[in-house]
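K.L.:
The following comprises the amino acid sequence and a computationally predicted model.
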Amino acid sequence: MTPPPAGPRIPPLAPSDWPVEMRAALAAMRPANPRLSFPPADPNRPKALNALGTLAQHPTLAHAFNSFNGHILFGTSLSARQRELVILRVAARRESTYEWTQHVILAGDAGITPEELDQVTEGPDAGEWSPLDGALVRAVDELLADAMVTDGTWAVLAESLEVEQLMDLVFTVGAYDLLAMAFKSFGVALDDDMK
């Protein structure tokens, strides 16, 4: 494993220095879907300012990615638990500390236990996964290794998931693999409120 950069390669901008276009980029994260309701912002939760501040260096890219990632986080057909298992496995496989730390918090909200977090780091053959959870974790490994879910894993997934969920699974892995690359390559450091 290549060690991460010693510090930020692209320094995050402080919110007071964000270009005005970041307002639209942040709004793009919340898909316009009348069926969705968003909880009020919790001032005690991590704010991901280093990630957002890094993206503020390129607000056009931030807007485009946030439009896509907004679906992954808020519009997905996967359950919150399924989404977080998938994202955490990507973070574990890619050794993305920023991604892992942020999503451990969301995983707790989705009912993922500390024991299951340990299982996520160990992989699809660890612990007592349900067939579906084990297949979700295995699908992440297969996608990251070969860019394809094998027939056996697909068959297990297709027993429980609808077509939209299968598609959201693949796109979630891709989105968070991309974020792991960005966080690690740009040297995005953990925010103080994430430590």
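P.N.:
In hand now; what should we look at? Residues are numbered from 1 along each chain as shown.
K.L.:
how far does stretch 9-22 sit from the chain's center?
P.N.:
Taking Cα atoms, centre = their mean, to the nearest Å, one finds the center of stretch 9-22 at 21 Å from the center of the full chain.
K.L.:
can you pull the buried residues of the longest helix anywhere in the chain?
P.N.:
Identified as the longest helix of the chain according to DSSP state H is helix 163-186. Buried residues in helix 163-186, defined by neighbour count with 16 or more other Cβ atoms under 10 Å: 165-166, 168-177, 179-180, 182-184, 186. To be clear about C-beta, it is placed using only N, CA and C from the backbone, and glycine gets the same treatment.
K.L.:
now swap in stretch 150-157 and tell me
P.N.:
153, 154, 156, 157.
K.L.:
out of those, what pair is the most spread apart?
P.N.:
For the buried residues of stretch 150-157, the farthest-apart pair by Cβ to Cβ is 154 and 156; their separation is 7.4 Å.
K.L.:
Need the three-state assignment for residue 42.
P.N.:
Following DSSP: H, G, I helix; E, B strand; the rest coil, residue 42 is assigned to coil.
K.L.:
how close does it sit to residue 82?
P.N.:
Counting by Cβ to Cβ, to the nearest Å, the gap from residue 42 to residue 82 is 23 Å.
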